[in-house]
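Sequence isn't available, so here's the structure alone:
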């Protein structure tokens, strides 16, 4: 059953924006909002033009980089109430390393929070920056929560671009790594995205149990004070469970 049709222009845009969080196809968006397809399409085209939505033929519509970037600039204010911010700060203080939180959007992840480490070096990452899934700690943590056929479909769409000599560039190698990630409970990036940078990542489940976000801790491999990933990883995984609990996850 369609929702009651919004009355004014602002309500129509907000209805489409809210529906875009769960639906990707024009038909589903129109049914959910109770608006004519032509109206929804017109709103979506404007959102795509302005970067608040993205579109491709295979996946339909999804939140765009500007929408995700805006959430990143405000998540620090609301993180404490969500249970994320205190956990992220504790990780940063515990390991003196750079901590990230990112959300899954389409076929990539986008940073929504960054806490710089207490180190003489700085990471080039920034809030609102999109990162690949196949070669990052955050990305592989998210991929590990997907069925293998979904991972294969994603790889067919995006390929496995080589970022460094250590990047996994075959589907078999990636699937083997994701199997190990599931067994460990956390993902590793061993200089696969940036040379010299190692990272551990762990996925966060939202209120529905879906892995929709992830957190990571990044360090220079050559840093003599860096914490070994075998020590860091399990603590990061426990922190991800804590954040998931704060988000009201229904399963682990």
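Everything's here; your move. These figures come from a predicted structure and were not determined experimentally. Residues are numbered from 1 along each chain as shown.

what's downstream of the least confident helix or strand in the chain by mean pLDDT, the next helix or strand?
The element with the least model confidence among the helices and strands of the chain, by mean pLDDT, DSSP states H and E, is helix 65-82, at a mean of 55. Per DSSP states H and E, helix 65-82 leads on to helix 85-95 as the next helix or strand towards the C-terminus.

Residue 175 is in contact with residue 147, isn't it?
No. In this structure residue 175 lies outside contact range of residue 147 using C-beta atoms under 8 Å: 11.0 Å. C-beta coordinates here come from the backbone N, C-alpha and C atoms, glycine included.

higher neighbour count, the two?
More neighbours sit around residue 175 than around the other of residue 175 and residue 147, counting by other C-beta atoms under 10 Å; the figures are 17 against 8.

so how far is residue 190 from the more buried one?
Taking C-beta to C-beta, to the nearest Å as the measure, residue 175 and residue 190 are separated by 17 Å.

again, but for residue 149
Computed with C-beta to C-beta, the distance linking residue 149 and residue 190 is 26 Å.

who has more neighbours, the two?
Using other C-beta under 10 Å as the criterion, residue 149 and residue 190 rank with residue 190 on top: 16 against 8.

Contacts only, for the more buried one.
For residue 190, the contacting residues are 166, 198, taking C-beta atoms under 8 Å, 6 or more residues apart in numbering as the criterion.

Use 52 as the first number from now on
Sure, I'll start counting at 52 from here, so that last one is residue 241.

Can you name the residues bridging to it?
With DSSP bridges applied, the residues forming beta bridges to residue 241 are residue 249.

do the same with residue 182
When assigned by DSSP bridges, residue 182 has beta-bridge partners residue 160.

Name the helix or strand for residue 150, please.
Following DSSP H and E, the helix or strand that holds residue 150 is strand 149-156.

Then residue 92?
In this structure, residue 92 sits in helix 88-100 according to DSSP H and E.

what's in contact with that helix?
Taking C-beta under 8 Å, 6+ apart as the criterion, the residues outside helix 88-100 that touch it are 63-64, 67-68, 77-78, 80-81, 84, 104-106, 112, 115.

Filter these down to the ones in strands?
Residues from these lying in strands, with DSSP state E as the criterion: 104, 105, 106, 112.

Which one of those is nearest to residue 169?
Distance ranking of the ones in strands among the contacts of helix 88-100 against residue 169, using C-beta to C-beta, places residue 105 first at 35.7 Å.

Please consider this matter closed, and thank you.
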